[in-house]
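*Asks:* sequence and predicted structure below; questions after.
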Amino acid sequence: MSVHYSGFFIMNRLSGKVMLITDGQSSLGAATAKLAAKEGAIVVCTGKYVEKMAAIISTIIETGGIATAFKHDVRSVLSWRKVLAETIKKYGKIDILVNNAGISSPKIILDLSVKDWEKIQEIDLNSLTYGLKEVIPLMIKNNGGSIINVSSLQGLVGLSDSNPYVAAKDVIRSLSLDAAFEYAEHNIRVNSICPGTIETPLIETTFPTISPYYKKSVQFPYLGKSEDIANGIIYLACDEASFVTGAELVINGDRVAL
């Protein structure tokens, strides 16, 4: 049974669950927040620039949802602790964590400076590890939870001109598997999402250029959208996936089928 809230239907798959999404101002973060709110989740978006998330939060609230945004430097353990404390104070718990923060690297290993690698490690890997270390104890107290880590198709099949990025995304998959095994007894599910090339504002301007290369590896006539990935995140977050942990959900059209 669905409940209607001025403008959209809430299907209640995430009713009453508190979902924290890092990098909430990104295309994927925003799409996930809106879909989660439609499913009844209480949405907490975090990011470096709170003002960039204002429109997302307003849209959710105006259509009957519950949402807030917190300033968050995912590279800082103290910032993680502050955001989580504020979330617990406001909503009493955290049921779902979406580790969405990350950056890419266009450089291959020989071109990579120490600072380049440190930045990738800080944002792609350290932030995820800090999130796991700080959120898992809260979920243990709450008798369970769902963690979704955003990896990449490149963590599975590689990318010839971006080895450091591929390495980071592969580590995310491995960490997800380790955490899934270690905390299953506490009813904490940990899964990773592996998106392929997704249509974003940046990609939209370059797609005519990259289209010939894209067509070499996929048959689909179009790139995926953020909502395609967000739908996978919603599935892994909800009770329909209550027996799914340690999974690597690939959403990429048909690239890995080749």
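*Replies:* That came through, no problem. All values derive from a computational prediction rather than experimental measurement.

*Asks:* do you know the pLDDT at Met11?
*Replies:* Looking at Met11, its pLDDT stands at 69.

*Asks:* over to Ile120?
*Replies:* Confidence at Ile120, expressed as pLDDT, is 81.

*Asks:* ok, it - contacts?
*Replies:* Ile103, Ser105, Pro164, Tyr165, Ala168 (Cβ atoms under 8 Å, 6 or more residues apart in numbering). All C-beta spots, glycine's among them, are computed from the backbone N, C-alpha and C.

*Asks:* which pair of the residues you listed spans the longest distance?
*Replies:* Longest distance between any two of these is 10.3 Å, between Ile103 and Pro164; criterion Cβ to Cβ.

*Asks:* could you pull out the helices in the stretch 1-150 of the chain for me?
*Replies:* For the stretch 1-150 of the chain, the helices defined by DSSP state H, counting those that start in this stretch cover 27-38, 54-62, 77-91, 114-120, 127-141.

*Asks:* oh sorry, the question was meant for the stretch 151-258 of the chain
*Replies:* Along the stretch 151-258 of the chain, counting by DSSP H, counting those that start in this stretch, helices occupy 154-157, 163-183, 201-217, 226-237.

*Asks:* re the thing from before, who has more neighbours out of Ile103 and Pro164?
*Replies:* Pro164 (21 against 12; other Cβ atoms under 10 Å).

*Asks:* touching, Ala179 and Ser146? I think so.
*Replies:* No - counting by Cβ atoms under 8 Å, Ala179 stays clear of Ser146, with 11.6 Å between them.

*Asks:* so what's in contact with those two at the same time?
*Replies:* Common neighbours of Ala179 and Ser146 (Cβ under 8 Å, 6+ apart) are Ile188, Val190.

*Asks:* pLDDT weak spots in the stretch 1-150 of the chain?
*Replies:* Counting by pLDDT under 70, the low-confidence segments of the stretch 1-150 of the chain come to 1-11, 104-110.

*Asks:* got CSV for the contacts of Ile120, with distance to Ile251 too?
*Replies:* CSV is the format used below for those (distance: Cβ to Cβ, whole Å):
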residue, distance to Ile251
Ile103, 20
Ser105, 22
Pro164, 23
Tyr165, 18
Ala168, 19
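
*Asks:* distance of the residue lying closest to Asn12 once chain neighbours are set aside from Gly64?
*Replies:* What sits nearest to Asn12 in space, not counting adjacent residues and going by Cβ to Cβ, 6 or more residues apart in numbering, is Gly40, at 4.7 Å. To Gly64, Gly40 is 10 Å away according to Cβ to Cβ, to the nearest Å.
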